[in-house]
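Participant: Turn this into a model:
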Amino acid sequence: MLDLTRIRYFHAVAEAGSFSRAARRLGVSQPTLSIQIARLEDELGVPLFRRHHSGASLSEVGSRLFAQSAEILNRIAAMEASVRAEVEVPVGELRVGTINSVGIYLLPEALAVFSQRHPLVQPLVRFEHSGTVLDLLTEGEIDLAITAGAAPPVGVESVLLTDDPLVLVCGRGHRLWRRRLVRAADLKGERLITFDDQSPTGGVIERVLARHLVDMQVWIKTPQIAALIRMVRLNMALAFVPSMALADEVEAAALHVLHFPDSELHRGIFLSWRKPDEFAARAAFVDCLEAVVRRKVQRPV
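Facilitator: This is a model prediction of the structure:
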């Protein structure tokens, strides 16, 4: 009988297209993940992935198993939700803290689904910097924290919801509009709009630029991602923007993606809570949030 954990691991690698990205998403080490996939392939007697330097792609058998595994995991998720619903009906308040760049592009959809399913729960949402959100969680002022960073928050229970690449973009009409690949020399003297000093995302961008000796002029720092994107659209500067914020902008040809190669240009989106681990409203909201994340992951920039 196939091991369900290995099926989950296989599905995560297939979705991420990379063992390393899937390991970060699952919160396990890459060697552990690789061993479990290898054991699954041994059990089935066929390779499920074609490994290559840029990641992993599904074999023909792997593609068929991927469709079947999605059906299996969806059924299990439905069974778990059904059992929880029979045990306890979610009621009362649910206090959520998050940051602008997650709250604007992820939270509204999750709240819409959640409010439809659980009208007896009143969500209360606070938007703050990541550090403040985690302080509120530690102090018991909120029930759930959704933050972004290079590593999981310390001192609280956390899971990685998704890995969110940071993408360099320019506005229509910029001199780099038709470029695909850019390097440090191409960016010399360019203005940069970035996140403020309290933002872990801004710290990731700063470290990457310093390592590549990129000579850009940091022109504006802001915690407001919507303002940042609008300024780039107006050709005021370039910016590294979280991928989850860009799908509509790129689809509308308002922004253009410039590929700046660096393996650390990403951030994790983490869901954190304090013990006790479960209560009905929180568990129900986590289900809705994870469903929205899965849809967004399937719509890459």
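Participant: how about the residue nearest the centre of the chain, secondary structure?
Facilitator: With distances taken as CA atoms, centre = their mean, Thr162 lies nearest the centre of the chain, 3.2 Å away. Following DSSP: H, G, I helix; E, B strand; the rest coil, Thr162 is assigned to strand.
Participant: isn't it right up against Gly27?
Facilitator: No: the criterion here is CB atoms under 8 Å, and Thr162 misses it with Gly27 at 11.7 Å. The way it works is simple: take the backbone N, C-alpha and C, and place the C-beta from them, glycine included.
Participant: Kindly state the beta-bridge partners for the residue lying closest to Val169 once chain neighbours are set aside.
Facilitator: Distance criterion CB to CB, 6 or more residues apart in numbering; nearest residue to Val169, sequence neighbours excluded, is Leu255 at 4.5 Å. Taking DSSP bridges, one obtains Gly171 as the residues bridged to Leu255.
Participant: hang on, Leu255 packs against Leu234?
Facilitator: No: with contact defined as CB under 8 Å, Leu255 does not count as touching Leu234 (11.0 Å).
Participant: Identify the contacts common to these two.
Facilitator: Gly171 (CB atoms under 8 Å, 6 or more residues apart in numbering).
Participant: the more surrounded of those two?
Facilitator: A count of neighbours by other CB atoms under 10 Å puts Leu255 above the other of Leu255 and Leu234, at 25 against 11.
Participant: which residues of the protein score low on pLDDT?
Facilitator: 1, 81-89, 276-278, 296-301 (pLDDT under 70).
Participant: Which residue is most remote from the mean position of it?
Facilitator: Gly45 (33.3 Å).
Participant: where's that residue relative to Arg39, distance?
Facilitator: Computed as CB to CB, to the nearest Å, the Gly45 to Arg39 distance reads 12 Å.
Participant: Over to Gln30?
Facilitator: Relative to Arg39, and taking CB to CB, Gln30 is found at 15 Å.
Participant: all strands of the stretch 151-300 of the chain, in order?
Facilitator: 157-171, 191-195, 217-222, 239-242, 255-258, 266-273 (DSSP state E, counting those that start in this stretch).
Participant: now those in CSV, with distance to Met79?
Facilitator: Listed next are the strands of the stretch 151-300 of the chain as CSV, based on distance: least, CB to CB, whole Å:
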stretch, distance to Met79
strand 157-171, 20
strand 191-195, 41
strand 217-222, 45
strand 239-242, 33
strand 255-258, 40
strand 266-273, 22
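Participant: chain center to the helix ranked longest in the chain, what's the gap?
Facilitator: Secondary structure of the chain per DSSP state H: the longest helix is helix 60-87. In terms of CA atoms, centre = their mean, to the nearest Å, the centre of helix 60-87 is set 21 Å apart from its chain centre.
Participant: what packs against that helix?
Facilitator: Contacts defined by 3 or more CB pairs under 8 Å, 6 or more residues apart in numbering; DSSP states H and E place helix 60-87 against helix 4-16, helix 280-297.
Participant: what about those helices, which gets the closest to Ile72?
Facilitator: helix 4-16 (6.4 Å; CB to CB).
Participant: List the buried residues in the closest one.
Facilitator: Residues of helix 4-16 classed as buried by neighbour count (16 or more other CB atoms under 10 Å): Arg6, Ile7, Arg8, Tyr9, Phe10, His11, Ala12, Val13, Ala14, Glu15, Ala16.
Participant: And the contacts of that helix?
Facilitator: 19, 22, 25-26, 28, 33, 36-37, 39-40, 43, 48-49, 55-56, 58, 62, 65-66, 69-70, 72-73, 76, 163, 297-298.
Participant: need the strands for the stretch 1-150 of the chain, in chain order.
Facilitator: 49-52, 55-58, 92-98, 121-127, 144-149.
Participant: re earlier: for the residue nearest to the centre of the chain, list each beta-bridge partner.
Facilitator: Going by DSSP bridges, Thr162 forms beta bridges with Ile269.
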